[in-house]
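> Below are the sequence and a predicted model for it; my questions follow.
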Amino acid sequence: MSFASRAGLGRAAFGLAAALLSTTALGTTALAQSPAALSPGVEAEWLQARPRPALNTDPSHLPSREEAMAAVEYVASSQIAAMAAEPLALSTGSNLSQMSSNWVAATFYVGAARLARVSDDPETLRFLTAVAEHYNYSVRGARSGPTMLNADDIAIGDLYEELYSRRGQEGVLMPLRQRLDWQVPHLNRATETPALVWWWADALYMAPPVLARMSAITGDPKYLIAADREWRRTAERLWVPDERLFLRDERFKDENHRDAHGDRIYWSRANGWVMGGLVRWLESVPAGFAGRQYYVDLFQQMAPRIAGLQQDDGLWRASLLDPETYPEAETSGSVFYVYALAWGVNHGLLDRATYLPVIQKGWAALNRHVLPNGLIGAAQKTGDQPVSTAPTDIGLYVSGTYILAGLEIADLNGPVKSLPLAEPARDSAEVIVATTPTPPAPVTVRGPEEQARRDAEMRATRALAYDPAGLGRPSTIERLSPPTEEEQVPRAVARFAPDRLDDLLWENDRVAHRIYGPTLEGREPPSGSGIDVWAKRVRYPYMDRQLRYPNYHTDRGEGLDFYDVGRGRGAGGLGVWFENKLWTSRNFSTHRIEETGGDEARFTVDYRPWPVDVSRRVWETREFSLPMGSNFTRMTSTIQSDSTEPLIVGIGISKRTNDAGSGFVTRDQANGRLMFWEPSDPGHGSLGIAILVDPAMVEGFVQDAENYLILVRVTPGVPFTYYMGSAWDHGLDFSTREAWETFVAGQTPEF
């Protein structure tokens, strides 16, 4: 039976009870409203849990995959039944048990979405889709700046990312991506601030995995880079190396937040959030990410410490280092530890023989606390520190993480998995239809005639509406497809691009640049003879691949164009300096490509005559050469003039100022060098640019409103050579300004 055909059957095979059951806050059962009284859009199928499996797990044996999956499916269906039976609230901020867009419900969706990848039951995915549709794929917190940054409100983003990955529907991801784009500059702020964005340990579960996964989905590493920066800030404040544990927040450093013995409080669930957050973070962090090992090390430091704090009953106490103060069973921290430790074994980060007994003991303990209604009891309520917990207390975050733990228990029966995890494969159209609920018809649609009219109206809507897919434009979200073996060959290339308004593009294994041609001159009057810099992090040519997308200013993993030439000289454009003003040409008019596709890219362009005040006219021919292995393009310029008088030529670098400052300018007349390290772009980092000229020609340095300039004396008709180089701190070669400037200082150019 296909997945889609099962949608019509689902849990109906188990029989729909005449009296539907709902759970109260204490975990007892009571008769619920009839199906007719359900919230619109809630399907009766969701209100029936699976039959209860045997849960008397033997802690000395690993459950089979089938046993673990039966437990997971039972708890998931029980939690969905409990949520679906409650009315939807207008305000979702403090909801603790029903469908919501807040963090409490979102942490259940995380587990349920992972289950839906492997489950034969389409109802879990169908339920999740209905929830996402109800909240229009949006996130909470729009009313203020601090709430726009609240990690709790980002947790539901994991559900939207899962649905996008499975379906490829752009609108599913757009609201979340817009919020994360707004957050990135704050997470990636260059200036350290007294307050943190993620100031409490729980936040490390809620937001960082969503940001890392956004990078995995889009190919744009800015989300991962920004999250990495704030993650480390949080760890610096809350991680206690001597204890190998996290404080919940900085209040727990002071004397007013101590346990009965006067010692620091290490809350079980806070450290559970961190362990679970590390797991989900590492699932999306690329294997080659420079900072990845930091998180692996942190996980491997916490794991033995946590394992050593397990109590005789298989659980961990609410206060990890003070178990006697809260001696009762507590599952909301314990469930994270079973999940994280099992995940560590499954992904080769923890030793199986060492940790399997801890995992099995913990799983058996959790199963002893599955209540008669299928939810997990002994769950500490929402809060910020240890408190006493009743056996019947429940929490969506526990059932969601129980699912994650059970999936890892099931996987312990298989081989070790590699990291990072691949995003799920796209669903077929059949599966999408089977798992996407149809909104109920308006209440005015009654009877066969009105239903027939409604059906005809919907057919007309589909037939008459414009479909943007007709243009065949690529998705604004989709990452670049992997390059072919041929495309991955490093080489130096130059290409005239009439498809991009006559740009002239050139790149090698280290840098990429472009200048602007005649068509763009008519389309964008500000364009001119400045030189553009493309940020590049691959050794093969990528500019043409990036230009397949309308928005090539989005990083899809290989690099992007985030440099703004504007009216300035960009990276090494020139002009004539006369009467304290720079007189510049417009775009190049003609071009000749002499060599491309091998060890060197060479081409020549001509610039039409332009005026220097009213005293003379000049025109230029410039030869460009970029060999493999170099960050520097060699340019030989011949400037002609209607006057034989010498010229003072200004070779420039565009100024840049943002919230991170105005960058760093280095002027070295003795060696003929002008360098500029740009202020950091919040999403993409910094570019370094250097101009190298013959020191014998240097007349000095000046600046105008748009450029830093190095001045050289030139004779009309006599060629002169200079070099322009660039670097990107998110690329492959130079991660700091100091490294770039040391490299530039070591250059020995030929003029």
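Received the coordinates, thanks.
> Can you tell me the closest non-neighbouring residue to residue 135?
residue 101 (4.5 Å; Cβ to Cβ, 6 or more residues apart in numbering). (Glycine included, C-beta is placed from N, CA and C.)
> Give me the neighbour count for the one you found.
25 (other Cβ atoms under 10 Å).
> That one reaches residue 156, doesn't it?
Yes. Counting by Cβ atoms under 8 Å, residue 156 is a contact partner of residue 101 at 5.3 Å.
> Could you pull out the residues contacting both of the two?
Jointly contacting residue 101 and residue 156 under the rule Cβ atoms under 8 Å, 6 or more residues apart in numbering are 135, 139.
> So which residues make contact with stretch 255-269?
Stretch 255-269 has contacts (Cβ under 8 Å, 6+ apart) with 201-202, 240, 243, 245-248, 251-253, 316-322, 325, 330, 332-334, 336, 380, 384-386.
> Which among those count as buried?
Buried by 16 or more other Cβ atoms under 10 Å: 201-202, 245-248, 252, 316-322, 330, 332-334, 336, 380, 384-386, out of these.
> Restricted to helices, list those.
Residues of these located in helices (DSSP state H): 334, 336.
> mind listing which of the buried ones among the contacts of stretch 255-269 are in strands?
The members of these that map onto strands under DSSP state E are 245-246.
> Next one, pLDDT for residue 316 please.
With respect to pLDDT, residue 316 has a value of 98.
> Now the phi/psi pair for it, please.
Backbone torsions for residue 316, taken as degrees, to the nearest 10, come to phi -110, psi 140.
> Over to residue 668?
Main-chain torsions, residue 668, degrees, to the nearest 10: phi -130, psi 90.
> okay, it: pLDDT?
Looking at residue 668, its pLDDT reads 97.
> Now do the contacts for it.
If a contact means Cβ under 8 Å, 6+ apart, then residue 668 has 674-675 as its contacts.
> ok, now residue 574?
Contacts for residue 574 (Cβ under 8 Å, 6+ apart) come out as 529, 584, 620, 637, 649-652.
> in the stretch 201-350 of the chain, which spans are strands?
Assigned by DSSP state E, counting those that start in this stretch, the stretch 201-350 of the chain shows strands spanning 239-240, 245-246.
> for the top helix by length along the chain, which positions count as buried?
As assigned by DSSP H, the longest helix anywhere in the chain is helix 65-84. Neighbour-count burial for helix 65-84 flags 67-84 (criterion: 16+ other Cβ under 10 Å).
> Return the list of helices and strands in contact with it.
On a contact count with 3 or more Cβ pairs under 8 Å, 6 or more residues apart in numbering; DSSP states H and E, helix 65-84 meets strand 21-23, helix 103-118, helix 123-134, helix 396-411.
> Just name whatever secondary elements the helix or strand just after the last one is in contact with.
As assigned by DSSP states H and E, the chain's next helix or strand after helix 396-411 is helix 429-434. Based on contacts counted as 3+ Cβ pairs under 8 Å, 6+ apart, the elements that helix 429-434 packs against are helix 3-7.
> what's the average pLDDT for the helix it packs on?
Here the average pLDDT along helix 3-7 is 46.
> swap in stretch 135-154?
Per-residue pLDDT values over stretch 135-154 give a mean of 96.
> now that stretch: how far from the chain's centre is it?
Centre-to-centre, stretch 135-154 and its host chain are 16 Å apart (Cα atoms, centre = their mean, to the nearest Å).
> what lines up beside the host helix or strand of residue 688 in the sheet?
In the assignment (DSSP H and E), residue 688 maps to strand 687-693. Sheet pairing for strand 687-693, assigned by DSSP bridges, gives strand 673-677 (antiparallel), strand 720-728 (antiparallel).
> who's in contact with that strand?
So strand 687-693 is contacted by 533, 535, 563, 571-572, 632, 651-653, 672-678, 710, 712, 722-729, 734, 737, 740-741, 744, 747, 749, 751 (Cβ under 8 Å, 6+ apart).
> Could you list the buried residues of the next helix-or-strand element following that strand?
Going down the chain from strand 687-693, the next helix or strand is strand 698-703, by DSSP H and E. Using 16+ other Cβ under 10 Å as the test for burial, strand 698-703 gives 698, 702.
> now stretch 560-576
Buried residues in stretch 560-576, counted by 16+ other Cβ under 10 Å: 560-563, 565, 568-576.
> got the end-to-end distance for that stretch?
31 Å (Cα to Cα, to the nearest Å).
> Same check on stretch 182-197?
13 Å.
> what does stretch 698-715 give?
Start and end residues of stretch 698-715 are separated by 13 Å (Cα to Cα).
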